[in-house]
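Trainee: Below are the sequence and a predicted model; questions follow.
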Amino acid sequence: MKTNFSHGATFEGTSSYLGILTFGVGLFYLFGLNLFLPAIGLCFVGAVLFIQVKGISIDTERNRFKPYLHLLFYRIGFWYSLDEIKEITLRYFNESQNIYPRHIAVYTATARCYEIHFVAKDGELYLIQDIKSHSAALDFCKELSEKTGLPFKDLAPGHKNVS
């Protein structure tokens, strides 16, 4: 059975910077050179590159997975064998960022969730999904572990290590 997990727009990486550059060149073509059609095309391509969507596709029947980059209607990536994966891990993710609106007060935006990763034998991490609740993430890990036949570890702080 093939399952796809999309991580949404990332706004990071080389293709996002390339998208901004392409969009800027498109605007230059539009306003500086008055070339309407190439400008619209470049702006469209730049926007698509900037708003890229990453994800992972898992095919349990063929024992493989594919980390992909979703550009428009195409998923670009390579298939890898699940034999290259050592385990599935559940990790707690916490990121805070300070926001300074009009330099009056400081607000802190915090993102807290549980991330499920494939851990490759060479140590590389492949993000599968992030879930807000620990119990839902644990249930998802158990189900994924049964489907793929891989062991999993719960590395979330304050919880028992489940294997």
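Mentor: Perfect, I can see it now.

Trainee: mind listing the strands for this protein?
Mentor: 2-9, 53-59, 64-71, 74-77, 80-81, 85-99, 107-120, 125-131, 152-154 (DSSP state E).

Trainee: Mind telling me which of those the model trusts least?
Mentor: With a mean of 74, strand 2-9 has the lowest mean pLDDT of the strands of the chain.

Trainee: got the buried residues for that strand?
Mentor: Residues of strand 2-9 classed as buried: F5 (neighbour count, 16 or more other Cβ atoms under 10 Å). Every C-beta, even on glycine, is put in place using the N, C-alpha and C of the backbone.

Trainee: what's next to that strand, contact-wise?
Mentor: With contacts defined as Cβ atoms under 8 Å, 6 or more residues apart in numbering, strand 2-9 is touched by 51-61, 70, 127-130.

Trainee: Just the buried residues out of the residues you listed, in PyMOL syntax.
Mentor: The buried residues among the contacts of strand 2-9 can be selected in PyMOL (16+ other Cβ under 10 Å) with this line:
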select buried, resi 52+54+55+56+57+58+60+70+127+128+129+130
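
Trainee: what domains does the record give for the chain?
Mentor: For the chain, the structural domains run 3-76, 83-154, going by automatic domain parsing.

Trainee: Need the single longest helix in the protein, by residues.
Mentor: Counting residues, the longest helix found in the chain (DSSP state H) is helix 14-31.

Trainee: right, and I116 touches I88 too?
Mentor: Yes. When contacts are counted by Cβ atoms under 8 Å, I116 is listed as touching I88 (6.6 Å).

Trainee: Name the residues contacting each of the two.
Mentor: Residues touching both I116 and I88 (Cβ under 8 Å, 6+ apart): 128, 141, 144.

Trainee: Could you save the residues you listed as a markdown table and add columns showing distance to E95?
Mentor: A markdown table is the format used below for the shared contacts of I116 and I88 (distance: Cβ to Cβ, whole Å):
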| residue | distance to E95 |
| --- | --- |
| I128 | 18 |
| C141 | 21 |
| L144 | 24 |
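
Trainee: Right, I'll call it a day here.
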